[in-house]
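Student: sequence-free structure coming up:
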């Protein structure tokens with residue numbers, strides 16, 4: 001997945017060892033997995049040569065990271081000009097998030 005971190009989210013991630021992001025649409029911190037329980041345990045953090053992007057290497061707690069029920073948010077691939085779902089759902093988002 002790709003997420004946005006502000007300074008507060010960065011500090012919380014480093015302090016707790018759980019991936020925490022900043023939701024720009026909700027204007028608040030977002031602990032990944034706070035509603036589903038599918039948290040991300042940070043195992044390693046690397047940065048690029050400009051120190052303006054980071055990669056979190058994580059261990060996912062739970063059957064998937066994507067709120068659509070997949071292990072990863074990157075479950076579609078462009079095939080012959082069309083987006084195709086290439087993974088299988090690992091959990092039912094309706095049971096996890098309600099609805």
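Tutor: Looks like it arrived, so ask away. All figures in this text were calculated on a predicted structure; none of them were measured in a lab.
Student: quick one: residues contacting residue 40.
Tutor: 18-19, 32-33, 56, 58-61, 65 (C-beta atoms under 8 Å, 6 or more residues apart in numbering). C-beta here means a position set from N, CA and C on the backbone, and glycine is covered the same way.
Student: quick one, phi/psi of it?
Tutor: phi -110, psi 110 (degrees, to the nearest 10).
Student: what's the distance between it and residue 60?
Tutor: Plainly put, residue 40 is 6 Å away from residue 60 if you go by C-beta to C-beta, to the nearest Å.
Student: quick one on the thing from earlier: list only those of the contacts of residue 40 flagged as buried.
Tutor: The neighbour-count test (16 or more other C-beta atoms under 10 Å) marks 18-19, 32-33, 56, 58, 60, 65 as buried among the contacts of residue 40.
Student: can you put these in CSV and add pLDDT and secondary structure?
Tutor: As requested, the buried ones among the contacts of residue 40 are exported to CSV (pLDDT from 0 to 100; DSSP: H, G, I helix; E, B strand; the rest coil):
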residue, pLDDT, secondary structure
18, 98, strand
19, 98, coil
32, 92, coil
33, 91, coil
56, 98, strand
58, 97, strand
60, 93, strand
65, 90, coil
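Student: give me the three-state assignment for the closest residue to residue 6 other than its chain neighbours.
Tutor: Leaving aside its sequence neighbours, residue 6 sits nearest to residue 22 (C-beta to C-beta, 6 or more residues apart in numbering; 4.2 Å). Classification of residue 22 using DSSP: H, G, I helix; E, B strand; the rest coil returns strand.
Student: list the contacts of residue 22.
Tutor: Applying C-beta under 8 Å, 6+ apart to residue 22 gives the contacts 4-6, 8-9, 28-30.
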